[in-house]
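> what's the 3D shape of this:
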Amino acid sequence: MERDLAPLLFARSIAVIGASDQPGNLGATAIGLLRKFGFGGPILPVNPRRDSVAGMPCFASVAALPQLPDLALITTAAPTVPALLRDCAAAGIRHGIAWAGGFAEAGEAGIALQAEVAAVCRETGFLLAGPNCLGIVNCATGMAATFSSALVGTDRLLPGVISMVSQSGGLSTMCHTLAQQAGFGFRLVISSGNEAVLTLADYIRALARDDGTRVIAIYLEGVRDGAAFLAALGEARAAGKPVVVLKGGMSEASAAAVAAHTGALAGEGRVWDAVLREQGAIQVHGLEELLDAVLFLASEGERARLAGPRIGIVTTGGGSGVVTADQCARAGLATPPPGAATRQALRALAPSLAALGNPFDLTPQVYTQPESLARFGATLDAIAADASLDVLYVQFGPMAQRGAEVAAELARFRARAPKPVCLAWPLAPPGAVEHLRASGAHVFLDYGRVVALLSALAQSGDGPAPVAPRGFDWTGLLPLALDGQIVPEHACHAILAAAGLPVPEGRLATAPGSAAAVARDIGFPVALKGISAQVTHRAAAGLLALDLRDETEVAAAEARLRARAAAAGVTLDGLYVQRMRHGGAEVLVSGFRDPVFGPIVSVGAGGTLTEALDDVALARAPIDAAGAAALLGRLRLLRRAAKLAPGAALAPLADFVARFSQLAAAAPWQRFVFEVNPVAWSHEGVVALDGLLVIERA
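Here you go, the predicted model:
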């Protein structure tokens, strides 16, 4: 449903319900901040116990107002809100903000009160921000519909192109205040609160359509409607507006099944990482990173998005350049050497002691020698022209002379540069940072924070997008699934085979003493696996025997496994006899349903290395073979593939992952984990060696 938020975000008139002259009263704060920051429209105080507020006529109710306001700002306590919403709707008002706490965050009574608020809004079509929110600030119009104490000590609101939506009012206030201190204004600051009616997705969609917003900042802890959130991010991406996301609460596991490795590896943080990468959002991990990202994106404008991960480091200190190059390497960023033409140009421009690789160490001569400083701009132009570089990172440090001249040269260079420019200048001389900020640049005060930002920018948008799902007849293979059901491995292999995925030949030997005959029919060597719903990690339970090469070895292993099961009180369904596969790399491939974003496919290092290496990548399912290849390419395992799986082609493995993702996406259950660990990958192709399906909630 389309929701017009213009009267909420760009209100031309505001009714302040609960208006007051009493210092410290929220109604008084509302009136005071609106007038302080020059809100230009009518302010209509509403309070049945007052005739005037702040020298303005005060009205007994919204029904008594002389005009219909765009926005109702409700500053009264939680129990009054439902009735006031009914009054507003009856008077024709359709947009409002409720500041009060005491709703869903406050226990059962608050949950019931918030449900009543939501019901009133649903019945009347009222669009409410909050409750339990800090309100909304429109810096372009002076609409400070907030009780933020930070604004009490603020003289003016700087207008800007950054808009922020936050599920934490305090964090949005911090970000806004710090941005203003750095000389950057915001456009809209939205505290979404409990989101009883309007959600994060509604606000993102409105900002995507707002011509004055160029960068969107988000702090969130969770979303209830994953599809709406993804659609909103997609709209912002289509509008060309970068979205920077700080996600709080990343530790809770989305796939909680402890029976599978996937439960330990695919936590909520990795699901969010996959979703945000897919949508092109920029994920950061702290307030400082969030601020760096939005200020840099706002300052760089159209050229801010990186064409690639290749960084040109320009420094005046060899050690700091080397450390930065190391940080880039750890962050997955490249620092390629310059081309021959660039080197030739720099020999005529750079100081005599300069090192002309990457990092480009121009040495302090670049500012201590007037002739080198005169060529500094041309030197930067020559580096920026190198086609092997996607972004320039220029770093300076303390200097005793010519700081103003260097800052002026940097400002002029940045204005004409053909690609993004990051400027870092800790311990800058007085006035240098201020000069650059006045020119519109964001200046980083720490070298490492630049690398963190560039890594986040380079990773955004490189996640595979889901493709159209295909059906699969799960009911024919599992006609009756139960909560907590563990599907045995031989049944998992039957499912994989039905989906067209390669599995080794295997059969279940149920009768004691029958495993040797089954092995003879299958062909040696074989593996012997004890099958029981009581045991999911057979190796740890001693119910696995590998590389059995004749009937005698199989018979002895069967007796040993059955004895161990009996001693442990484990009831065996039988022994699964499976043809052995030797050599190659072992890969984990799994699928599960995330409660917010739906089916997810996961790939990682498999076998005994799964949890030891913690090498995993996720995407929403299903994906095609190209998406699967990109996903696999993020694994450290792939960098060792030449040694682990010599001659192995990526295409068969990517095809396996793509086909498996279709199978997982078609699974009908609310919560499940389907894990194939390992998938053997070698020059002979791929084959699923082990399978585990846990149906958590059918």
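> Please make it C-alpha for all contacts and neighbour counts, starting now.
Noted.
> Next one, pLDDT for the most far-flung residue of the chain relative to its centre please.
Going by Cα atoms, centre = their mean, the residue of the chain most distant from its centre is residue 552, 54.9 Å out. As predicted, residue 552 sits at a pLDDT of 93.
> With the one 3 residues further on instead?
According to the predicted model, the pLDDT of residue 555 comes to 93.
> same check, this time on residue 237
pLDDT, read off for residue 237, is 95.
> can you pull the buried residues of stretch 82-98?
82, 84-86, 88-89, 91-98 (16 or more other Cα atoms under 10 Å).
> what about the protein, any weak spots by pLDDT?
Applying pLDDT under 70 to the chain flags the ranges 1, 250-268, 608-613.
> tell me, which strand in it spans the most residues?
The strand spanning the most residues in the chain, taking DSSP state E as the definition, is strand 671-682.
> ok now it, how far from the chain's centre?
25 Å (Cα atoms, centre = their mean, to the nearest Å).
> Just name whatever secondary elements that strand is in contact with.
Applying 3 or more Cα pairs under 8 Å, 6 or more residues apart in numbering; DSSP states H and E, we find strand 671-682 packed against helix 261-265, strand 585-594, strand 685-688, strand 691-697.
> picking up where we left off before, from the contact counts, what lies against the host helix or strand of the residue farthest from the centre of the chain?
In this assignment (DSSP states H and E), residue 552 forms part of helix 551-567. Under the contact definition 3+ Cα pairs under 8 Å, 6+ apart, helix 551-567 sits against helix 515-522, strand 526-531, strand 544-548.
> go again using 7 Å as the cut-off
Here helix 551-567 touches helix 515-522, going by 3 or more Cα pairs under 7 Å, 6 or more residues apart in numbering; DSSP states H and E.
> Show me what counts as buried in the helix it packs on.
If you call a residue buried by 16+ other Cα under 10 Å, then helix 515-522 has these buried ones: 515-516, 518-519, 522.
> As CSV, those residues with distance to residue 133 would be great.
As requested, the buried residues of helix 515-522 are exported to CSV (distance: Cα to Cα, whole Å):
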residue, distance to residue 133
515, 66
516, 69
518, 67
519, 67
522, 66
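> and stretch 468-476, C-alpha only, in CSV?
The C-alpha coordinates for stretch 468-476 follow below in CSV (Å, rounded to 0.1, in the frame of the first residue of the first chain):
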residue,chain,number,x,y,z
ALA,A,468,13.0,-17.4,-10.1
PRO,A,469,12.3,-20.5,-8.0
ARG,A,470,11.4,-23.9,-9.5
GLY,A,471,9.1,-26.4,-7.9
PHE,A,472,10.0,-29.7,-6.3
ASP,A,473,7.7,-32.4,-5.0
TRP,A,474,8.8,-32.6,-1.4
THR,A,475,5.6,-34.2,-0.3
GLY,A,476,6.3,-37.3,-2.4
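> Go ahead and name everything in contact with that stretch.
622, 662-663, 665-667 (Cα atoms under 7 Å, 6 or more residues apart in numbering).
> List buried residues within those.
Among these, those classed as buried by 16+ other Cα under 10 Å are 622, 662-663, 665-667.
> and of those, the nearest to residue 479?
The nearest member of those to residue 479, counting by Cα to Cα, is residue 667 at 12.4 Å.
> Which of the three states applies to that closest one?
Here residue 667 is coil, with the state taken from DSSP: H, G, I helix; E, B strand; the rest coil.
> got it, and residue 24?
Here residue 24 is recorded as coil under three-state DSSP.
> Please tell me how far it sits from residue 697.
Note on residue 24: its distance to residue 697, by Cα to Cα, to the nearest Å, is 51 Å.
> Mind checking which of the two has more residues around it?
The residue with more neighbours, out of residue 24 and residue 697, is residue 697; 13 against 9, by other Cα atoms under 10 Å.
> Does that one touch residue 673 like I think?
No: applying Cα atoms under 7 Å, one finds residue 697 not in contact with residue 673, separated by 10.2 Å.
> if we can go back for a sec, quick one: buried residues of the helix holding residue 552?
551, 554-555, 557-558, 561-562, 564-565.
> now that helix against strand 544-548, angle please.
With axes from the mean of the first three to the mean of the last three Cα atoms, to 10 degrees defining the directions, helix 551-567 sits at 180 degrees from strand 544-548.
> Direction included, what does the helix or strand following helix 551-567 pair against?
Going down the chain from helix 551-567, the next helix or strand is strand 574-579, by DSSP H and E. Here strand 574-579 is paired, per DSSP bridges, with strand 506-509 (antiparallel), strand 526-531 (antiparallel).
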